[in-house]
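**Student:** Structure of the sequence below:
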Amino acid sequence: NRGARIVISQHPARAQKLRIDAEIYIWRHLIENFFCKLKEFKRIAMRACKTDRSFEAMVYLAAAVINSR
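**Tutor:** Numbering: from 1, shown residues only. Purely as a prediction, here's the structure:
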């Protein structure tokens, strides 16, 4: 009723298969992988920065490092 869509794939042995949008699933997977890589940076995982602005700067810096790999 809310317009939600199934994005996570189901267990292969599920009795009643539900259709998923493959393109949305691919994008969701990429975003999850990015956050996993972002959490490798200790200061971001522990939220060690004191202000929101410095935390945002650290996220941008870490994203640039990840992107340059």
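**Student:** Pull the contacting residues for Ile66.
**Tutor:** Ile66 makes contact with Phe34, Lys37, Leu38, according to Cβ atoms under 8 Å, 6 or more residues apart in numbering. C-betas here are computed from N, CA, C, even on glycine.
**Student:** Apart from its chain neighbours, what residue comes closest to the first one?
**Tutor:** Nearest residue to Phe34, sequence neighbours excluded (Cβ to Cβ, 6 or more residues apart in numbering): Ile66, at 7.1 Å.
**Student:** tell me the SS of that neighbour?
**Tutor:** Assigned state for Ile66: helix (three-state reduction, DSSP: H, G, I helix; E, B strand; the rest coil).
**Student:** Next one: Ala22 from Ala45, what distance?
**Tutor:** Separation of Ala22 from Ala45 (Cβ to Cβ, to the nearest Å): 31 Å.
**Student:** now for the helix or strand of the chain with the lowest mean pLDDT, which elements pack on it?
**Tutor:** The helix or strand of the chain with the poorest confidence is helix 42-46; it has a mean of 81 (mean pLDDT, DSSP states H and E). Here helix 42-46 touches helix 52-68, going by 3 or more Cβ pairs under 8 Å, 6 or more residues apart in numbering; DSSP states H and E.
**Student:** Provide a PyMOL selection command restricted to the buried entries of the contacts of Ile66.
**Tutor:** Buried members of the contacts of Ile66, defined by 16 or more other Cβ atoms under 10 Å, are picked up in PyMOL with:
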select buried, resi 38
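**Student:** Just the C-alpha atoms of stretch 35-52, please, in PDB.
**Tutor:** Only the C-alpha atoms of stretch 35-52 are listed here, as PDB (Å, rounded to 0.1, in the frame of the first residue of the first chain):
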ATOM      1  CA  PHE A  35      29.500   1.900   3.300                       C
ATOM      2  CA  CYS A  36      31.400  -1.200   4.200                       C
ATOM      3  CA  LYS A  37      34.600   0.300   2.700                       C
ATOM      4  CA  LEU A  38      33.800   3.600   4.400                       C
ATOM      5  CA  LYS A  39      33.700   1.900   7.800                       C
ATOM      6  CA  GLU A  40      37.300   0.700   7.300                       C
ATOM      7  CA  PHE A  41      38.300   4.200   8.300                       C
ATOM      8  CA  LYS A  42      38.500   4.100  12.100                       C
ATOM      9  CA  ARG A  43      37.500   7.800  12.700                       C
ATOM     10  CA  ILE A  44      34.400   7.300  10.600                       C
ATOM     11  CA  ALA A  45      33.400   4.000  12.200                       C
ATOM     12  CA  MET A  46      33.900   5.400  15.700                       C
ATOM     13  CA  ARG A  47      32.400   8.800  14.900                       C
ATOM     14  CA  ALA A  48      35.500  10.400  16.500                       C
ATOM     15  CA  CYS A  49      35.000  13.900  15.100                       C
ATOM     16  CA  LYS A  50      33.600  16.500  17.500                       C
ATOM     17  CA  THR A  51      31.400  18.500  15.100                       C
ATOM     18  CA  ASP A  52      29.100  17.500  12.200                       C
END
